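Asker: What follows is a predicted structure for the sequence shown.
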Amino acid sequence: ASTTSTQNSGLYDYLLPLFEEDTGIQVRVVAVGTGQAIRIAKNGDADALLVHHRPSEDAFIAEGFGTERFDIMYNDFVIVGPKSDPAGVSQTQDIQGAMAAILNSGASFISRGDDSGTHKREQALWQRAQLLPKGVWYREIGAGMGAALNMAAATGAYTLSDRGTWLSFGNKQDLSILFQGQAELLNPYGLVLLNPKRFPHVQTQAARTLAAWLTSARGQAAIGSFRVENAQLFCPNAKNEQELDKKYCPAQSLLK
Amino acid sequence: MSIFTEILSFFSGSAPDLWPIVALSLHVSLSATLLAALLALPCGVLLAISRFWGRGAVLTIASAFMALPPVVVGLLVYLMLSRAGPLGNFGILFTPTAMIIAQTVLVFPIILSLTVDAVTPLHRSYKPLFSAYDAPKGLIIKSLVWDARFAITTAILAGFGRAIAEVGAVIIVGGNINGLTRVMTTTIALETSKGNLELALALGAVLILIALGVNAILHLIRRIGLRFEEAER
Amino acid sequence: MSIFTEILSFFSGSAPDLWPIVALSLHVSLSATLLAALLALPCGVLLAISRFWGRGAVLTIASAFMALPPVVVGLLVYLMLSRAGPLGNFGILFTPTAMIIAQTVLVFPIILSLTVDAVTPLHRSYKPLFSAYDAPKGLIIKSLVWDARFAITTAILAGFGRAIAEVGAVIIVGGNINGLTRVMTTTIALETSKGNLELALALGAVLILIALGVNAILHLIRRIGLRFEEAER
Amino acid sequence: MSGLSLDAVSFQASGKTLLGPVSMSLDPNASLAIMGPNGAGKSLLLELMHGLIAPSSGSLSWSGKTPSHSKHSRAYIFQRRILMRRSVRDNVAFALDAVGIVGTDRTYQIEQALEKTRLTDRADQPAALLSGGEAQRLALARAIATNPKSLLMDEPTSSLDPEATEDFERILADLKSNGTQLIWITHNRAQAIRLADQVAFINKGSVTELTPATTFFKSPASKPAKDFLNL
Amino acid sequence: MSGLSLDAVSFQASGKTLLGPVSMSLDPNASLAIMGPNGAGKSLLLELMHGLIAPSSGSLSWSGKTPSHSKHSRAYIFQRRILMRRSVRDNVAFALDAVGIVGTDRTYQIEQALEKTRLTDRADQPAALLSGGEAQRLALARAIATNPKSLLMDEPTSSLDPEATEDFERILADLKSNGTQLIWITHNRAQAIRLADQVAFINKGSVTELTPATTFFKSPASKPAKDFLNL
Ligand SMILES: Nc1ncnc2c1ncn2[C@@H]1O[C@H](COP(=O)(O)OP(=O)(O)OP(=O)(O)O)[C@@H](O)[C@H]1O
Ligand SMILES: Nc1ncnc2c1ncn2[C@@H]1O[C@H](COP(=O)(O)OP(=O)(O)OP(=O)(O)O)[C@@H](O)[C@H]1O
Ligand SMILES: [Mg+2]
Ligand SMILES: [Mg+2]
């Protein structure tokens, strides 16, 4: 089970054939909302879980559903909106300023409103800026990233998106990235293995092989070399992250 | 029992917005069904009583359009109503109106196809009479719709079932905006994606209860004049 | 024209997996429709020809269940087939089998309700004959299904339309796994969420064409013995 | 040209010529009994006359108008019982609605027709419950309710008991004396003698005879008619 | 107890007693003509006898069996035309399928019945296209095809021409002489005289008379019967 953002970006279509070639193991991805993914895993209907909300992942392990968590990669969130940028978000210096500019301008903002990793991050950003988003301009849509982007495109609204989904999104119309590149916007993905004691039917061995492959030099290199429209989408950050970061994910590519 | 707890908490404390959601669901789906029925009933009767070249093809196409996926209808309406689209100026995208339009499109072929079959056997027995008196089309439509109201009710309820149960079209053209375009099914989909499966199921149960209410009312209405319908020797 | 380019590129180069997806869609939805029809046709005929206390309630409930949202059915079947659920040991979650089960549940009440109305007028005219010869139930079912095959075909096609067009149930119990449980509608939903609206629409067009094919075949089949059906004076 | 006239009318179906060609004409006031064995084509001929089916060749007219353009001035009783799933009264009302008779005329004509056919006390009952003879009376009520100029009837007394048949004939005789034209099919010779001015005899799709009723029963010209009458 | 017997049978509907109470019994070989005016309750009585409707009170039996448990040994011709949307042959075949006659018997009995009713050359045509008289012949074909012990018929010759009626009576006379019991409704007195052993006369829901046919037509006991026969 996995979140949708990784699937929408096309990462799995690129990565998994390589994995299958190396190990002969076929991976079946069920891409759903973060909450649903965790729920599927808690029911024992998956062998491994890949999401991007650290607190939920830690709780999952603490409650005994999972055994280990592996850092795999990260990317970042960006604020997209209409090119004309009525709120002047692109002029702001930091993320707090950007959020305030949107709130003060009265321009529409589309919130995922679905308790997903992205939604939780967005809420955290408002909170850190000490703002309370409320009003007709703040649209809580309760849907996936793609739906949020489709709505933003149709109505000329702002929204927070992960870079992967944004880059591979096909209905950008008048939208573009208006704000990016701050540490608060980093978005780490982790792989959690399920507890075989609790779920005896789980294919632990295959899941371990996947974790090992993803964190191996070859797996990490593959993640780093995945590109959409010549842009790198994910930065590998498994244990030896210092080293890899330098090699595959120069800080400036994300944190301009 | 946990389901009931979930429902109750949804009804009351944690999420007090159930009633507007239910109301909007009913408003959108009943409006769409009504609109589709107003168009499809006369068309269906005319299709049932006419013979023309290409009639078989029309019937086949109509029944094939029962397979129109809600997402596709949603997309089409989205593209029409999007600011970049031909009807973008009306600004009705992401409003209940847009949702009604999309569901009407979805429901029309269902009521149409089923109406044709609902009135065909009755028309077979009434036809000599209509023909002998050269009855006006309006009277024919009225007579067939009324006297076949049992099967026609089911046709309309099949359309209503499709409308109230679908999520693909309303989420695209409505956007599932909290307090504005959120309906039962989009809420169910949302809670599902949050992993709140029990809550989602509980909402599903509420939806079925509501559907049951609508069905019961229509089933009662169609019993008007039942003794003429059921009189048999 | 860009739609055709999109389709073509989807068919050929960039994504060569269209045919398996189409095949799986047809496999799942036709199987579910067939299964549901095998159950619903006899039940529907029996419901149409029997009179018992509570019959009206059964009919109302059956037609209300036409409003069963796919997502809810998906969830129910998911919870049954989940490892944590009662049937978890079969390990059929996220397989085509699970999808067929979910769609069968979805389609059954539709075919059931429509079959009742499809055979009711015919039964009204055949009933004295059945009664005079105390005809066995099997013969009655056979006779009514065959002689009402026009309306019954539409009932089955309405069920098929629901199955092939729905995404909520199959995505939950199938998981939209590439190469294993990905069908037309889940692909359309995925492409929509990727913002590839034209491609999604193009796939919708392909789906409708396929539905048209299925409808055309059934419409041709039901014409067998048409001269007896249409013979009228 | 006034009255009904048929010009080389024929009817084909299923690759066979079932009727005709028939040429004949009839005065607007002459009543016509159509007789002949089962399957001869009597019902087809009557349906053609009213424009219920279209001739395969030839043409018909009622005082110059096509049958389909003059339906409201006629009424038709079918051989089969054709009733709507409604009350007895509403079955009669349908005919008036179809012809466009509204207001107090509508009510009056409905009640008159029900009374003449002795159905007033059954008026609110579902028509489907009527007995065979009662249903045939309802068909007559519906037919006379619109005050048609011509009354076309396909074996209208086949299910009536002897007394009801007499009543029926009395009503027809009244209508006839008030200028209504009767054109009807019957197997009842005595009835034809009592009510018909002319008799058309059909055998195997051919009208072999169209003669005044008195002549027909005494000395039919054609061999089939002679056989039919056992003469 | 052999033969048909009715014990205080009555039938109510719509809050009215439409028939009975009727008590009578009939020898297994005696043929019975049921006569009476329209709406008297003839069809209801015949339907009760065959178990098509259930009595509101009282009970019936055929040699001790309830009507519903002995249907396969009888056949029934309805007053209305009730045909399946199939070929003429398949309409006859249905009766044999319902009764459970299979194999060569099935084919033989179908073809025999079609031949006796002169429908062989129409066998493959849709039954819906038949004329009124032809449809009535088909009803007879379907009824005799299962070789019933008793034949219940509701005005089976109402649409037949005089010659076809004779044919029909000839078939019935044959069946009767071979031991088939005939119970039928007719408005045709001559027919009743020719074929009936007993006559039951119904008036306004009461069986006022059940007498040997010869007695009935000469000197009916009841006043209504006298009126009906114009005596
Ligand atoms: N559409 C048709 N196709 C084939 N045969 C037909 C069609 N319509 C009528 N017939 C046949 O044509 C013949 C004449 O039919 P019609 O109903 O006119 O007979 P009729 O003289 O009214 O007989 P009856 O006294 O039995 O009512 C019948 O043999 C009938 O089966
Ligand atoms: N279910 C019912 N409810 C009310 N009235 C009924 C019902 N069934 C029959 N009747 C009435 O009962 C009376 C007897 O009906 P039945 O059909 O037995 O008459 P019949 O003697 O066969 O007359 P006919 O010669 O006209 O066929 C009729 O007046 C009919 O309208
Ligand atoms: Mg005829
Ligand atoms: Mg009767």
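Answerer: Cool, got the structure. Residues are numbered from 1 along each chain as shown, chains lettered A, B, ... in the order given. Ligands and ions are numbered 1, 2, ... in the order given.
Asker: residues from chain D in reach of ligand 1?
Answerer: Within chain D, the positions near ligand 1 by Cβ under 6 Å from any ligand atom are D:Ala13, D:Ser14, D:Leu18, D:Gly36, D:Asn38, D:Gly39, D:Ala40, D:Gly41, D:Lys42, D:Ser43, D:Leu44, D:Gln79. For every residue, glycine as well, the C-beta is placed using N, CA and C.
Asker: and if we set it to 8 Å?
Answerer: D:13-14, D:16, D:18-19, D:36-47, D:79, D:154-155, D:185, D:187, D:202, D:205 (Cβ under 8 Å from any ligand atom).
Asker: Of those, which are in range of ligand 3?
Answerer: The residues of these that also fall near ligand 3, by Cβ under 5 Å from the ion, are D:Ser43, D:Gln79.
Asker: Please spell out the PyMOL selection for the buried subset of the residues of chain D next to ligand 1.
Answerer: Restricted to buried positions by 16 or more other Cβ atoms under 10 Å in any protein chain shown, the PyMOL selection for these reads:
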select buried, chain D and resi 18+19+36+37+38+39+40+41+42+43+44+45+46+47+79+154+155+185+187+202+205
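Asker: any idea how far D:Ser68 is from the closest residue to D:Ser70 other than its chain neighbours?
Answerer: Distances taken as Cβ to Cβ, 6 or more residues apart in numbering or on different chains put D:Trp62 closest to D:Ser70, at 4.6 Å, once the chain neighbours are dropped. Distance, D:Trp62 to D:Ser68, by Cβ to Cβ, to the nearest Å: 10 Å.
Asker: Would you mind telling me which of the two has more residues around it?
Answerer: Remark: of D:Trp62 and D:Ser68, D:Trp62 carries more neighbours, 24 against 13, as counted by other Cβ atoms under 10 Å in any protein chain shown.
Asker: Could you pull up phi and psi at that one?
Answerer: The phi/psi pair for D:Trp62 (degrees, to the nearest 10) reads phi -110, psi 110.
Asker: how about the residues of chain D near ligand 2?
Answerer: Counting by Cβ under 8 Å from any ligand atom, chain D sits next to ligand 2 at D:122, D:125-126, D:129-136, D:159-161.
Asker: could these go into JSON lines alongside secondary structure?
Answerer: JSON lines is the format used below for the residues of chain D next to ligand 2 (DSSP: H, G, I helix; E, B strand; the rest coil):
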{"residue": "D:Arg122", "secondary structure": "helix"}
{"residue": "D:Gln125", "secondary structure": "coil"}
{"residue": "D:Pro126", "secondary structure": "strand"}
{"residue": "D:Leu129", "secondary structure": "helix"}
{"residue": "D:Leu130", "secondary structure": "coil"}
{"residue": "D:Ser131", "secondary structure": "coil"}
{"residue": "D:Gly132", "secondary structure": "helix"}
{"residue": "D:Gly133", "secondary structure": "helix"}
{"residue": "D:Glu134", "secondary structure": "helix"}
{"residue": "D:Ala135", "secondary structure": "helix"}
{"residue": "D:Gln136", "secondary structure": "helix"}
{"residue": "D:Ser159", "secondary structure": "coil"}
{"residue": "D:Leu160", "secondary structure": "coil"}
{"residue": "D:Asp161", "secondary structure": "coil"}
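Asker: Distance check, A:Ser84 against A:Ser105.
Answerer: 12 Å.
Asker: So which residue is smack in the middle of chain D?
Answerer: Nearest to the mean C-alpha position of chain D, by Cα atoms, centre = their mean, lies D:Met153 at 1.8 Å.
Asker: who does that residue bridge with?
Answerer: When assigned by DSSP bridges, D:Met153 has beta-bridge partners D:Ile77, D:Trp184.
Asker: longest helix of chain D?
Answerer: helix D:162-177 (DSSP state H).
Asker: Contacts for that one next, please.
Answerer: D:31, D:116-118, D:133, D:137, D:140, D:144, D:151, D:156-157, D:160, D:182, D:188, D:191, D:194-195, E:37-38, E:187, E:228 (Cβ atoms under 8 Å, 6 or more residues apart in numbering or on different chains).
Asker: One more pass at 7 Å, please.
Answerer: Contacts of helix D:162-177 with the rest of the structure, by Cβ atoms under 7 Å, 6 or more residues apart in numbering or on different chains, involve D:31, D:116, D:133, D:140, D:144, D:151, D:156-157, D:160, D:182, D:191, D:194-195, E:37-38, E:187.
Asker: So which of those residues sit within helices?
Answerer: Those of the contacts of helix D:162-177 lying in helices (DSSP H): D:Lys116, D:Gly133, D:Leu140, D:Ile144, D:Gln191, D:Arg194, D:Leu195.
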